[in-house]
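Enquirer: could you work out the structure for the sequence below:
(one chain, ligands or ions: 1)
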Amino acid sequence: MNVVVGIAGGIAAYKAVGVVRALVLAGHDVHVVPTEAALRFVGRPTLEAISRNPVHVDLYEGVAEVRHVAIGQAADLIVIAPATANTIAKLAAGLADDLLGNTVLASEAPLVVAPAMHTEMWRNAATQANIQTLVDRGVTVVGPAVGQLTGADSGPGRMEEPEVIVESALAAYGAHAAQGGHGAPGSGLAGDLQGRRVVVSAGGTREPLDPVRFLGNRSSGKQGVAIADAARSRGAEVVLIAANLEIADPHGCDIRKVSTTLELREAVLDTARGADLVVMAAAVADFRPATVSEGKIKKQPGDEGLTLELVRNPDILAELGHAPHDGTLLVGFAAETEADPERLIELGRAKRAAKGADLLVVNRVGWTEGFASDENRASVIGVDGEVVTELHGSKVSVAHGILDVVVSRWDDRFADPAATTPTATDTTTDADSASEDDTTR
Ligand code: CTP
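Expert: Modelled structure (predicted):
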């Protein structure tokens, strides 16, 4: 396919080379359109060598071939990485004062932007309003990630990794193509979750001990946020219940911030009623301190240890799973340290049954696996204990894989939001007939 990679003038422009390369290696015909400023960060010969195509930047070159619109018209997909605050503002306003602006306006292809800028610029109300404008027009926003920025500072604003951008861009193209490829990016992309309400919990809960300490876990929220983002890009209306995320909030989701298990429970119960899909990706603390100290807990002279009394937290997934939830497909997660693959699946089967979830995604976690990583490996278990699919790759591709299974679980009526909502019984029946080949990506 013909992919245009726009590069704006930010230090992350050097990482755009990785985006171009990944697309070329995947067999795409890549045309790079850098802004003048981008060429201060990365050289034109590099971009031409990696993209294997001439690189144009000047609006007034190639006038005879009407290049300012020809590149956009020929594009099947446009990816702008990095997208600086300035370029995002220009895109939101529809400005066409350079070749990239003209290319975007002249194109009906899906548009994907990967913002990169300092945290303050990202959080600035102007940038946020511009990003919202793009999201409302159906543009896919990938990232930014949280991490070390160019200076000594760190926070949200770092460009997503090239492979995550490429994966999200190809998924956005897939969603667009699924709708027959009609409509400009501004018309809003419709996907297979169009018209559906999805609730996703992500992150890890924290249980306070005193004003300065908590019991928590190492969940970063990456997998849950990737699911929320993927569902939104496929057309769903998404509520993200965010428990202490260590990554930037995704755009286009209704975000409810929570911290403790009890707060998470309240937010989930408040939003799950009538939802088509609830995904419990959050790592939830099973116990909380019996009492929360008003002041900082101090050690006393001679104290050699400290005993904490903990009490059980409610099991939110089990509460949803054991209540009638007709019409709501429930997806749980299981984070297990079990190394043996068969035992891991057994644990997953037992957990799915105990919680009453319709699907359970089992993944192995450990000192170096799972939580903060950009990659994941998971098995999806169905109501009969069958392994519906095995997924591995970036958390974005795992997210889409889980949603593919969800979609395959709904009956034909799911395709028509106006029709009767499917029931839990329908889900079970579908599960019986789905073969592994149908759902493996
Ligand atoms: N979960 C929940 N409420 C809890 C604990 C877990 O809703 N109090 C949900 C999680 O969001 C996840 C699933 O249950 O979808 C499994 O979570 P996990 O931590 O793997 O299992 P636990 O139920 O905590 O069991 P254990 O710690 O004994 O393995």
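Enquirer: could you pull out the buried residues of stretch 128-143?
Expert: By neighbour count on 16 or more other Cβ atoms under 10 Å, the buried set for stretch 128-143 is 130-131, 133-135, 137-143. No exception for glycine: its C-beta is placed from N, CA and C like everyone else's.
Enquirer: equivalent analysis for stretch 208-218, please.
Expert: Those would be 208-209, 214, 216-217, for stretch 208-218 by 16+ other Cβ under 10 Å.
Enquirer: swap in stretch 282-299?
Expert: For stretch 282-299, by 16+ other Cβ under 10 Å, it's 282-285, 288-289.
Enquirer: same check, this time on stretch 72-80
Expert: Buried-residue list, stretch 72-80, by 16+ other Cβ under 10 Å: 72, 75-80.
Enquirer: picking up where we left off before, turn the buried residues of stretch 128-143 into JSON lines, columns for pLDDT.
Expert: Converted to JSON lines, those look like this (pLDDT from 0 to 100):
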{"residue": "Asn130", "pLDDT": "96"}
{"residue": "Ile131", "pLDDT": "94"}
{"residue": "Thr133", "pLDDT": "93"}
{"residue": "Leu134", "pLDDT": "94"}
{"residue": "Val135", "pLDDT": "91"}
{"residue": "Arg137", "pLDDT": "91"}
{"residue": "Gly138", "pLDDT": "89"}
{"residue": "Val139", "pLDDT": "93"}
{"residue": "Thr140", "pLDDT": "92"}
{"residue": "Val141", "pLDDT": "92"}
{"residue": "Val142", "pLDDT": "91"}
{"residue": "Gly143", "pLDDT": "88"}
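Enquirer: among the residues you listed, which ones are in strands?
Expert: Counting by DSSP state E, the buried residues of stretch 128-143 place 140-141 in strands.
Enquirer: strands along the stretch 1-150 of the chain, start to end?
Expert: Remark: strands assigned in the stretch 1-150 of the chain by DSSP state E, counting those that start in this stretch are 2-7, 29-34, 77-83, 111-115, 140-141, 145-148.
Enquirer: now, among the buried residues of stretch 282-299, which is nearest to the ligand?
Expert: Val284 (3.7 Å; Cβ to the nearest ligand atom).
Enquirer: I figured the closest one hits Ile316, correct?
Expert: Yes: using Cβ atoms under 8 Å, Val284 is in contact with Ile316, at 6.4 Å.
Enquirer: which residues are common contacts for the two?
Expert: The contact sets of Val284 and Ile316 overlap at 201, 261, 264 (Cβ atoms under 8 Å, 6 or more residues apart in numbering).
Enquirer: what residues are up against the last one?
Expert: With contact set as Cβ under 8 Å, 6+ apart, Leu264 has these partners: 201, 205, 241, 243, 258, 282, 284, 316.
Enquirer: is the residue nearest the centre of the chain in a helix, a strand, or coil?
Expert: Centroid-nearest residue in the chain, with Cα atoms, centre = their mean: Ala226, separated by 2.1 Å. At Ala226, secondary structure determined by DSSP: H, G, I helix; E, B strand; the rest coil is helix.
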